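A.B. asks: sequence unknown, structure follows:
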């Protein structure tokens, strides 16, 4: 621990030139306009057109397509870069994938530059290429077009197209995974090629002894695809090394020349061969990350436990005197800036459901080793210091907390949180690890978990969890239960007939109806997602990613075909607090007090409480609310989570894994809200639903600890795909050393009770209101959304309002909202 204390002090000794570099890079990130990049779209389309009509295994064709992209992508090194490698041909850009969800942008191409939220630069010539050459080619070849072949009857896809019931994200790509980047550090890409060669040699011996079989042929194709993509990744890095040397020759100063030569030196060995130094290792991780991003959609591809993975290289360099703590912080800061260059790309509907342009590139810090001992090290602190220096929206920092987490580290994390921006998010090992064990992960793997994307725990480099695959609207499930299977937003009978609610004689009748409607939505979402997974298996394998996931190289199977050691699919329930509060209100006022009839309530809901304002106030203010440590409201939240989990866990995906429930939402709670009618908790039609397992805005009135105790009363062990708890404080509530200690104590208490996750916004209401009205005055204002941070200006106006409305907590035993 003495070394870690020294590290904390050393953060203040960051060299002046390093501080200036990171300041300059941050400023460039805040001032650079966002763009669409069609480079990959053009290269993949050109390649696939040249192979049209040819026969051969799809996995090899996909490998050749990625090879074409990596061999021809533009090589750019920006001023002040020390870590290099870009996913796009512009500084801050979203790659367009025409073979995935990129086609959804076709009707909106001419509006991209002027749309209200997240305008993106794109040239007239790029629009022409997309409209005339790229999109037409893929119109009948995309994942969406192919998935329909596996979905019969058509209801699951029809319901998906109506938006309000559920969202299925793997149309956009598989993403949401933590590859085993450590493998690149230990073997290098060319070492992985040699591993594939050895497998092929073994398969050839089997073939010679017993003849060729379909399984043997499939495995050979897989290993061939791995060789193609890993060689291409190595060449991609070599192209950057050559570019650095070329720029060094024409550098204007000796300082620039030495920096560029330093970049070239860091690429001389790794990522082609095993890394030897901390800088080589960090650069190799980044290059692997860039290459994997070129293969599929850029969302939720996470780094995992970088403080653990990189520590041996850091320790060796510290020991040899080749590196000091401040040097490491500078290099990490440069890598974080590169993360901020990556954007996802959404159409107007997608922007409503996934607002804020988060690419959710998770880095997990702290936690335990594989034996359950504390694993916090100096790099755990260094990553926090690097983030503190750049404070950009990416990467997504996660800190694991357990009983033996050093107090200094928890206080360090609390200090970074209270400075604003919503990072790091905090995760409790006591609440998470038992759930991983229940899913079948062995104990050592469970202790070694990392966080994918927003909040999803899984074992790095061994799991294909598809953890962001689906989001189900629980609010509309309740709406259908109160309307005999009908949905108000499209006035159609969609779900099963569960009876006239005015004839329900008890809350149990309503719970049974809700259970059936929820099961109906989950069943259709599973059918739709399974069709998408089958489509990926057939036409969009990912051999480069598969080379970095344990189980795939051993089995000769792509991750899309079930090659990973652990397989599952995540399905999120959205709107927990709204539904729980609604059930509690109905139970209290309709069935127990009998002060309101079900008929009166249903009529009021149908009219959005217009003409029923007194009833609206009663439902809002005179019924139990989740988040206040009230037994009745907490009971209904538990029952809701139980019925949702029961509906989800009985299904399996095409890869042989289980469906796993989660309760986090990105901004789907806001999007779903616009398709959901009024609810009995007093939420009006079109208003946002509550986020994750966070209490409804303004309804948690007894302070942060009461809200946390309501959360830990839930059966968290069953929530294998993670959940989010948002809390908001004003900066004044956390001022000074006392504020830091209060926050650290709150976090520790929550996790001692078994909490899984908490994240904080530390910003006052007035600042947010002014930032909405005058965004130009608040460049770089970061807020925590739902498992990720975003610039406030990048959110939809509706999502900005949702964050403004969140309960502002204090340590006085209550809150102000």
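C.D. replies: Received it, and whenever you're ready, just let me know what you need. The model shown is predicted, which means the values in this text are computed figures rather than measured ones. Residues are numbered from 1 along each chain as shown.
A.B. asks: going by C-alpha atoms from here, please, whenever you check contacts or count neighbours.
C.D. replies: Noted.
A.B. asks: so for stretch 83-103, mean pLDDT?
C.D. replies: On average, the pLDDT along stretch 83-103 is 95.
A.B. asks: how long is that stretch end to end?
C.D. replies: This stretch, stretch 83-103, spans 33 Å end to end (CA to CA, to the nearest Å).
A.B. asks: same check on stretch 729-744?
C.D. replies: By CA to CA, the extent of stretch 729-744 from end to end equals 14 Å.
A.B. asks: what comes up buried for it?
C.D. replies: Buried residues in stretch 729-744, counted by 16 or more other CA atoms under 10 Å: 729, 730, 731, 733, 734, 739, 740, 741, 742, 743, 744.
A.B. asks: what about these, which are in strands?
C.D. replies: Counting by DSSP state E, the buried residues of stretch 729-744 place residue 729 in strands.
A.B. asks: pLDDT and distance to residue 301 added to the buried residues of stretch 729-744, as a markdown table?
C.D. replies: Formatted as a markdown table, the buried residues of stretch 729-744 follow (pLDDT from 0 to 100; distance: CA to CA, whole Å):
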| residue | pLDDT | distance to residue 301 |
| --- | --- | --- |
| 729 | 92 | 30 |
| 730 | 92 | 32 |
| 731 | 93 | 32 |
| 733 | 92 | 35 |
| 734 | 93 | 33 |
| 739 | 92 | 34 |
| 740 | 93 | 32 |
| 741 | 94 | 33 |
| 742 | 94 | 34 |
| 743 | 95 | 30 |
| 744 | 95 | 29 |
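A.B. asks: turn the buried residues of stretch 729-744 into JSON lines, including distance to residue 256.
C.D. replies: Formatted as JSON lines, these follow (distance: CA to CA, whole Å):
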{"residue": "729", "distance to residue 256": "44"}
{"residue": "730", "distance to residue 256": "43"}
{"residue": "731", "distance to residue 256": "41"}
{"residue": "733", "distance to residue 256": "45"}
{"residue": "734", "distance to residue 256": "42"}
{"residue": "739", "distance to residue 256": "43"}
{"residue": "740", "distance to residue 256": "41"}
{"residue": "741", "distance to residue 256": "44"}
{"residue": "742", "distance to residue 256": "46"}
{"residue": "743", "distance to residue 256": "43"}
{"residue": "744", "distance to residue 256": "43"}
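A.B. asks: run through who's touching the helix or strand containing residue 338.
C.D. replies: Per DSSP states H and E: residue 338 is located in helix 325-339. Helix 325-339 has contacts (CA atoms under 8 Å, 6 or more residues apart in numbering) with 7, 10-11, 13-15, 18-19, 22, 25-26, 29, 81-86, 278-279, 282, 286, 314, 318, 361, 382-383, 385-387, 389-390, 392, 394-395.
A.B. asks: what subset of the residues you listed is buried?
C.D. replies: 7, 10-11, 14, 18-19, 22, 25-26, 29, 81-86, 278-279, 282, 286, 314, 361, 382-383, 385-387, 389-390, 392, 394-395.
A.B. asks: rewinding a little: helix or strand next in line after the helix holding residue 338, which one?
C.D. replies: Note on helix 325-339: by DSSP H and E, the next helix or strand toward the C-terminus is strand 342-343.
A.B. asks: buried residues in the helix or strand just after that following strand?
C.D. replies: As assigned by DSSP H and E, the chain's next helix or strand after strand 342-343 is helix 348-353. Buried positions in helix 348-353, judged by neighbour count with 16+ other CA under 10 Å: 348, 350, 351, 352, 353.
A.B. asks: with stretch 70-89 instead?
C.D. replies: For stretch 70-89, the neighbour count (16+ other CA under 10 Å) marks 70-71, 73-77, 80-89 as buried.
A.B. asks: with stretch 778-790 instead?
C.D. replies: Residues 778, 780, 781, 782, 783, 784, 785, 786, 787, 788, 789, 790 are the ones in stretch 778-790 that count as buried (16+ other CA under 10 Å).
A.B. asks: closest to residue 274 out of those residues?
C.D. replies: Among the buried residues of stretch 778-790, residue 788 lies closest to residue 274 (CA to CA), at 32.5 Å.
A.B. asks: please consider this matter closed, and thank you.
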